[in-house]
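1. Just to be clear, the model below is a prediction. Sequence and coordinates:
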Amino acid sequence: MFLNQVRKEGIGVTIYLTNSVQLRGQVRGFDAFTVLLDAPGKPTQLVYKHAVASIVPSKAVGGYQRPGESGDEHHEG
């Protein structure tokens, strides 16, 4: 669902690979084993999911929140 959401919303992502390489771009498609990543001025990259350590969106993705951003926290002050 996450990959489909960033693809549909056109949100930029940083993909961190297991070998410490960082790839930046927009998800154009994906299947069970791969992700297609587009970046301006670069050829489309096919990334195998088994090489991905993490994927970080450039902004909030609808329906997903980072830890600590639940909104149900109560602050006294």
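-> Received the coordinates, thanks.
2. what's the neighbour count on Gln5?
-> 15 (other C-beta atoms under 10 Å). Placement of C-beta: from N, CA and C, glycine included.
3. So what's the gap between the one helix or strand it maps to and the chain middle?
-> Using DSSP states H and E, Gln5 maps to helix 2-9. Averaging C-alpha positions (C-alpha atoms, centre = their mean, to the nearest Å) puts helix 2-9 8 Å from its chain's average.
4. Contacts only, for the residue nearest to Leu17 when sequence neighbours are not counted.
-> Of all residues not flanking Leu17 in the chain, Ala51 sits nearest, at 5.1 Å (C-beta to C-beta, 6 or more residues apart in numbering). Applying C-beta atoms under 8 Å, 6 or more residues apart in numbering, one finds that Ala51 lies in contact with Leu17, Thr18, Asn19.
5. One more pass at 10 Å, please.
-> Applying C-beta atoms under 10 Å, 6 or more residues apart in numbering to Ala51 gives the contacts Ile15, Leu17, Thr18, Asn19, Val21, Thr34, Val35.
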